[in-house]
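Enquirer: Sequence and predicted structure are below.
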Amino acid sequence: MNHALPIGTAGAEQLEIVRTSERLREIGPAWTELWTNVDGLIFQSHDWISAWWETASVQAPRSLRIGLVWNGDRLAAVVPLAIGRRKGLRFLEWAAVSVSDYGGILMAPDCRPAALLRIWSRLSASGGFDLAFLNRMRPHINALGLFASDIRGGIRLRPNHRTEVSHRISGTWPNGAAWYDGLSKKTRKNYRHGCNTLEKSGKLQFRLLAPDEAVEPVLDRIADLKRKWLVERDRRSSLFDQEKLTLHNLVAALARRGVLRLFVLECDGVVIAASVNFVQKGTLMCWVTTYDPDFGAASPGTILIMDYTRWSFDNGLKTVDFLCGGEAFKERFATESVTLNSVIGTRTLRGMLAERMDRIRRALRRDGIRSNAESLPEEA
C-alpha cells in the first residue's frame with residue numbers, strides 16, 4: 001500500500017496525522033484490516049467515522065486529527081480524534097463522539113506503547129485546540145498509555161470528574177423465555193397489559209427487519225419521532241437532521257459490516273416503536289430506540305425492549321448493552337452497570353482558564369454555594 005509521507009519516524013514505526021477527507025478515504029482498507037484483526041467496536045471503525053464525517057464536516061466547523069502508527073505498510077494503531085467547537089472553546093476529542101457511545105483506540109498486539117506516546121505528542125503539537133477531552137472510556141480500553149506523566153512534548157491527560165454510566169443485561173439464561181420468567185410478576189403483568197391494549201387498535205407484531213428489506217422508511221419514521229421528542233424538550237441533535245441524513249449514513253455503515261439489527265413493533269403495519277441495534281462480541285448493543293407517544297399509555301418502547309431482549313437470548317447472545325445513559329428504564333432492566341471515565345488536558349491559556357473555572361464551579365456546588373461562573377460545556 002502506498003501512503004503519504006509520514007510526519008515522524010521512530011525505528012520501523014512511522015507516524016502520520018490524517019487531516020483531510022481524501023486521506024481518510026485512502027486509509028480505509030488498512031484501517032478496516034486492523035479493525036477486523038483486533039475485533040474492534042463499530043464506533044472505532046473506518047466505516048462509522050467516515051459516515052459521521054460526511055455530514056459532520058459540513059454541519060459545523062470541525063477538523064480531523066486522526067493519529068496513525070504504521071509498521072511498514074501495515075497499520076498498527078489508530079487514534080481517531082477530531083477538533084470540535086463549543087461555547088468558544090476548541091476541543092480535541094474522539095472523532096464521531098456525538099454519535100458514539102464508547103471511545104477508544106485501535107491497536108495491534110505488536111504495536112509498542114511507546115509508539116502511542118509518540119503519536120500523542122504529535123497530535124498535541126498539531127495545535128488548533130484549547131483542551132483535549134476524551135470521554136466515554138470503558139475501564140479496560142487500551143488508551144492508558146496516553147495518560148502517562150512523562151510524555152515528552154505531549155499534553156498530559158488527567159482524570160476528569162465527568163463520568164457516564166452504561167447499563168446492560170447480562171446472564172446465563174438458556175433462552176428468552178427463561179429471562180422473561182425471571183422478571184418480577186408486576187413487570188410481566190405490565191407487559192401483557194400493554195400488548196393487550198395495543199391489540200385493541202390492530203394487529204400487533206414484533207419483528208427484525210430482513211437484511212434485504214428497505215430500511216429507509218423505518219429510519220425516516222425514527223427520525224421524525226425523535227425530532228418531535230427533541231422539539232418538545234427544546235433540544236437539538238444533528239443525528240436526526242432531515243436534510244443531512246446522518247442517521248441513514250451511520251445505519252448504512254452498520255449494514256455494510258453485517259452487524260445491523262433493526263427491530264420494529266408494528267400495529268396494523270404502522271411502526272409504533274423501533275430500535276437501531278447492532279451485534280458484536282456476543283452482545284446486542286442498543287443504539288437508538290424510540291416510540292410513538294400517541295401509543296404511550298401502553299408503553300410500546302418497553303414492550304419492544306423486552307421483545308428484543310428475549311430475541312437476543314433466543315439467538316445465543318449473552319448480553320444486551322443499553323450503551324450510554326442512565327435512563328430509568330435501563331436501570332430497571334439492567335443486571336449490571338459500568339462507569340465510563342474521562343480525561344482532560346489543556347493546551348492554551350483559554351483552555352487552562354476554562355478548566356480552572358470548571359473546577360471552581362464544581363467545588364462551589366459541592367459546598368452548596370451557587371456560582372455564576374461558566375463551566376465547561378456539559379456535552380464535552
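Expert: Great, that's in hand.
Enquirer: Only C-alpha atoms from now on, for both contacts and neighbour counts.
Expert: OK.
Enquirer: can you give me the strands in the stretch 201-350 of the chain?
Expert: Applying DSSP state E, counting those that start in this stretch to the stretch 201-350 of the chain gives strands spanning 204-208, 260-267, 270-280, 283-291, 319-324, 336-346.
Enquirer: can you give me how far the last one is from the chain middle?
Expert: Going by C-alpha atoms, centre = their mean, to the nearest Å, the spacing between the C-alpha centre of strand 336-346 and its chain's C-alpha centre is 13 Å.
Enquirer: sorry, back to before: let me have the strands of the stretch 201-350 of the chain in TSV, extended by mean pLDDT.
Expert: Converted to TSV, the strands of the stretch 201-350 of the chain look like this (pLDDT from 0 to 100):
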stretch	mean pLDDT
strand 204-208	97
strand 260-267	98
strand 270-280	97
strand 283-291	96
strand 319-324	96
strand 336-346	93
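Enquirer: Go through those strands and name the closest to residue 67.
Expert: Judged by C-alpha to C-alpha, the one of these that comes nearest to residue 67 is strand 336-346, at 17.2 Å.
Enquirer: now the angle from that closest one to strand 319-324?
Expert: 40 degrees (axes from the mean of the first three to the mean of the last three C-alpha atoms, to 10 degrees).
Enquirer: picking up where we left off before, what's the most buried one of the strands of the stretch 201-350 of the chain?
Expert: Ranked by mean neighbour count under mean count of other C-alpha atoms under 10 Å, the strands of the stretch 201-350 of the chain are led by strand 319-324, which reaches a mean of 24.
Enquirer: which residue sits closest to residue 263 in space, ignoring its chain neighbours?
Expert: Distances taken as C-alpha to C-alpha, 6 or more residues apart in numbering place residue 208 nearest to residue 263, at 4.5 Å, with adjacent residues excluded.
Enquirer: Then residue 299?
Expert: Nearest to residue 299 is residue 194, by C-alpha to C-alpha, 6+ apart, at 6.3 Å.
Enquirer: what does the model give the one you found for pLDDT?
Expert: You'll see residue 194 listed with a pLDDT of 97.
Enquirer: need the contact list for the closest residue to residue 280 other than its chain neighbours.
Expert: Once flanking residues are discounted, residue 280 sits nearest to residue 259: 6.9 Å by C-alpha to C-alpha, 6+ apart. By C-alpha atoms under 8 Å, 6 or more residues apart in numbering, residue 259 lies in contact with 278, 279, 280.
Enquirer: What's the per-residue pLDDT of the residue nearest to the second one when sequence neighbours are not counted here?
Expert: In this case it means residue 279. What sits nearest to residue 279 in space, not counting adjacent residues and going by C-alpha to C-alpha, 6+ apart, is residue 259, at 5.2 Å. Per-residue pLDDT puts residue 259 at 97.
Enquirer: Check residue 218 too.
Expert: At residue 218, pLDDT is 96.
Enquirer: How about residue 9?
Expert: Residue 9 is given a pLDDT of 46.
Enquirer: So what pairs up with residue 260 in the strands?
Expert: residue 278 (DSSP bridges).
Enquirer: can you redo the contacts of residue 259 as JSON lines with distance to residue 252?
Expert: Listed next are the contacts of residue 259 as JSON lines, based on distance: C-alpha to C-alpha, whole Å:
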{"residue": "278", "distance to residue 252": "12"}
{"residue": "279", "distance to residue 252": "15"}
{"residue": "280", "distance to residue 252": "16"}
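Enquirer: coming back round to it: which one of the strands of the stretch 201-350 of the chain lies nearest to residue 84?
Expert: With respect to residue 84, and counting by C-alpha to C-alpha, the nearest of those is strand 336-346 at 14.6 Å.
Enquirer: Give me the sheet partners of that closest one and which way each runs.
Expert: strand 131-137 (antiparallel), strand 158-170 (antiparallel).
Enquirer: Show me what the closest residue to residue 168 other than its chain neighbours is bridged to.
Expert: Leaving aside its sequence neighbours, residue 168 sits nearest to residue 321 (C-alpha to C-alpha, 6+ apart; 4.3 Å). Here residue 321 sits in beta bridges with residue 168, residue 285, as judged by DSSP bridges.
Enquirer: For residue 321, give its distance to residue 286.
Expert: Distance, residue 321 to residue 286, by C-alpha to C-alpha, to the nearest Å: 6 Å.
Enquirer: Can you pull the domain assignment for the protein?
Expert: Taking automatic domain parsing as the criterion, the chain consists of the domains 8-164+340-366, 172-317.
Enquirer: May I see the ones you listed organised as CSV, with distance to residue 333 added?
Expert: Shown next, in CSV, are the domains of the chain (distance: least, C-alpha to C-alpha, whole Å):
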stretch, distance to residue 333
domain 8-164+340-366, 18
domain 172-317, 9
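Enquirer: mind checking which of these is nearest residue 325?
Expert: Nearest of the domains of the chain (C-alpha to C-alpha): domain 8-164+340-366, 6.8 Å.
Enquirer: measure the residue nearest to residue 299 to residue 73 for me?
Expert: To residue 73, residue 194 is 57 Å away according to C-alpha to C-alpha.
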